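Trainee: here is a sequence together with a model predicted from it:
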2 protein chains.
Amino acid sequence: MIYRRSFLLLTLSLLAARGALAQSGDPLPSWRAGKAKQSILDFVAAVTTQGSADFVPVPERIATFDNDGTLWIEQPMYVQLAFALDRVKELYPKHPEWKQKQPFKAVLEGDMKALAKSGEHGLMELVLATHTGMTTAEFEAIVLRWLASARHPRFHRPYTELVYQPMLELLAYLRASGFKTFIVSGGGIEFMRPWSEKIYGVPPEQVVGSSVKTRFEMRGGTPVLLRLPQMDFIDDGPGKPIGIEEHIGRRPIAAFGNSDGDLQMLQWTAAGPHRHLALLVHHTDAEREYAYDRKSTFGRLNVALDAAEKSGWTVVSMKDDWARIFAFE
Amino acid sequence: MIYRRSFLLLTLSLLAARGALAQSGDPLPSWRAGKAKQSILDFVAAVTTQGSADFVPVPERIATFDNDGTLWIEQPMYVQLAFALDRVKELYPKHPEWKQKQPFKAVLEGDMKALAKSGEHGLMELVLATHTGMTTAEFEAIVLRWLASARHPRFHRPYTELVYQPMLELLAYLRASGFKTFIVSGGGIEFMRPWSEKIYGVPPEQVVGSSVKTRFEMRGGTPVLLRLPQMDFIDDGPGKPIGIEEHIGRRPIAAFGNSDGDLQMLQWTAAGPHRHLALLVHHTDAEREYAYDRKSTFGRLNVALDAAEKSGWTVVSMKDDWARIFAFE
């Protein structure tokens, strides 16, 4: 009896293993064969093969991903900016003075040119006015409520559906290969965390981003963290290696970006002692998504593209390298 | 043949499982039976038992540990302060002006009373002068070199041996129960990370601490992060919930401390929606370690002890609850 049972168990487990193997075939089915895909496969094979000269132990397999334009859409404007604009309209009844005050006036009048003129300083003012003054728990609820109802102006879908299917496959493939995957974004850390685990499989503690200062307070015996209208950290450009060191404390061996804001993260990754993968997503598909690079307001890719060519980093052409961009296609 | 082989495999795997079970017996062998140990066992059983009203899914099993006085020794002074004092002596040849300047003069003359008089501001000045001005990689090497040679004045052992065996068991027990364990310390984040993985099993990305500002620079084509003489964040007292939110982005369900600097971390943990464990280590053993609480310069435990009594938090008496304090005993 025990012989028969054990044989059955063994057979079942062998079948299960074979099934998993058969399914696994291509870990990146939405990537077309080509240099970009091959550079990913070669890198992962090299760093995960025990005995290979490039082998990297599991704890050091750190991969960092930019978010806007690398994992999800960033045109016609950063998603978080769309959120801020909607928040201005929502909060306007409590701030009648905004009608006369830039950059709020521009938002309320839908005057995108005047808004653009207000520059980075103006955008920061919008973010601080719309993202602070509440507790961290309240802000999380506000973000989730907005994401549930907001729709992209061209695709008419929730923003959380406008994530790139090839990058979701890449995240999963790296994790299955022993990598810890992090988001390292110029966007707000508390804007991404409420949904990063569900959408990307990246838990809150592996999200690095820009942040505002908070204050610990007791409210009727209950502790809260209040979001203050003051920037704490800007996780962009040279801020990315700083944010990586502060939050992760080790250097990535793989980094993925799409704009000049990712240049220093890729430089920092490429300068490490291990074999590395530095990759830029190049938005080349106006038909299925958008085509932009050197002169774009959002996600400008100019000096980083030159650096990629000079340094031999992997550049992904969305048009050529991605068989599918969104899961719903 | 296949029958025999499969039987052998099954038998071997069953034996292996039984062996693991037998070994596991008591997960906290250095803890004496009593209220403190039982509160830990009860908590872990409750949050890990599927179907229990208190069950908590694995991703939300976050545990945070203070370091100084909770995981390792903090008398006769914080280990990091001993490091700073040694650094002052080492750097003195390059800073002859220190001979006339407090708090450096006090350090060079071994005048601990004058040093104490310089207060928090003086200590901060010492830290900034001795912990900055180098790259992050250089600082890591300096910390490791010092730890390899420094010895505790009473125990004459490396500081990394003066970690509490019962807490090492607790860290391992929680991890084996699906918890992610974090250090949340007032100490310097870059002072702990070079050794936290080896000593505590806590990887760098799960260490939260105080930090200085850094600057990204290219040096001859190679990117470095330079440590600047300016505090970035103080992860102590009300700073601990702030650091937890910034680095982890979720609320712990278990928190472990030993001083007033841990009060807000325990309050923040206790106010969460899940069943929680808030625990204070009370240093009550002058013979095997040290006895101190309400009036201690380092690791003062005063208002947090009152809060623990009022709130029913677990208070560990090192003398009564720990059968062994250090692994070498």
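Mentor: Yep, that arrived. Numbers count the residues shown, from 1 in each chain, chains lettered A, B, ... in the order given.
Trainee: next, the contact list for residue A:227, please.
Mentor: A:131, A:132, A:133, A:134, A:135, A:136, A:139, A:190, A:212, A:214 (C-beta atoms under 8 Å, 6 or more residues apart in numbering or on different chains). Glycine gets a C-beta too; all of them are placed from N, C-alpha and C.
Trainee: now do the second one against chain B, distance only.
Mentor: Computed with C-beta to the nearest C-beta, to the nearest Å, the distance linking residue A:132 and chain B is 14 Å.
Trainee: my guess is that residue contacts residue A:229. True?
Mentor: Yes: with contacts counted by C-beta atoms under 8 Å, residue A:132 reaches residue A:229, the gap being 4.4 Å.
Trainee: who has more neighbours out of those two?
Mentor: More crowded of residue A:132 and residue A:229, by other C-beta atoms under 10 Å in any protein chain shown: residue A:132, with 17 against 14.
Trainee: need the pLDDT of the more buried one.
Mentor: Residue A:132 carries a pLDDT value of 98.
Trainee: check residue A:3 too.
Mentor: 44.
Trainee: now do the shared contacts for residue A:132 and residue A:229.
Mentor: Common neighbours of residue A:132 and residue A:229 (C-beta under 8 Å, 6+ apart) are residue A:212.
Trainee: where's residue A:53 relative to residue A:46, distance?
Mentor: Look at residue A:53 and residue A:46: by C-beta to C-beta, to the nearest Å, they are 8 Å apart.
Trainee: who's more crowded, those two?
Mentor: Taking other C-beta under 10 Å, residue A:53 and residue A:46 do not tie; residue A:46 has more neighbours (16 against 7).
Trainee: so who does the more buried one touch?
Mentor: With C-beta under 8 Å, 6+ apart, residue A:46 has these contacts: A:52, A:54, A:55, A:275.
Trainee: show me which of those residues is closest to chain B.
Mentor: residue A:275 (17.1 Å; C-beta to the nearest C-beta).
Trainee: and the gap between the closest one and residue A:47?
Mentor: 6 Å.
Trainee: between these two, what contacts are shared?
Mentor: Joint contacts of residue A:275 and residue A:47 (C-beta under 8 Å, 6+ apart) are A:54, A:56, A:253.
Trainee: how about the residues you listed in a markdown table, adding pLDDT, secondary structure and neighbour count?
Mentor: Converted to a markdown table, the shared contacts of residue A:275 and residue A:47 look like this (pLDDT from 0 to 100; DSSP: H, G, I helix; E, B strand; the rest coil; neighbours: other C-beta atoms under 10 Å in any protein chain shown):
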| residue | pLDDT | secondary structure | neighbour count |
| --- | --- | --- | --- |
| A:54 | 98 | coil | 15 |
| A:56 | 98 | coil | 21 |
| A:253 | 98 | coil | 24 |
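Trainee: and for the closest residue to residue A:301 other than its chain neighbours, the neighbour number?
Mentor: Nearest residue to residue A:301, sequence neighbours excluded (C-beta to C-beta, 6 or more residues apart in numbering or on different chains): residue A:293, at 4.3 Å. Using other C-beta under 10 Å, residue A:293 has 18 neighbouring residues.
Trainee: now do residue A:293, the pLDDT please.
Mentor: 98.
Trainee: contacting residues for it?
Mentor: A:282, A:283, A:300, A:301, A:302, A:305.
Trainee: show me what contacts the first one?
Mentor: The contact partners of residue A:282, by C-beta under 8 Å, 6+ apart, come to A:258, A:293, A:301, A:305, A:315, A:316, A:317, A:318.
Trainee: what's the answer for the second one, then?
Mentor: For residue A:283, the contacting residues are A:69, A:75, A:258, A:289, A:290, A:291, A:292, A:293, A:299, A:301, A:318, by C-beta under 8 Å, 6+ apart.
Trainee: let's see that with 7 Å instead.
Mentor: By C-beta atoms under 7 Å, 6 or more residues apart in numbering or on different chains, the contact list for residue A:283 reads A:69, A:258, A:289, A:290, A:291, A:292, A:293, A:318.
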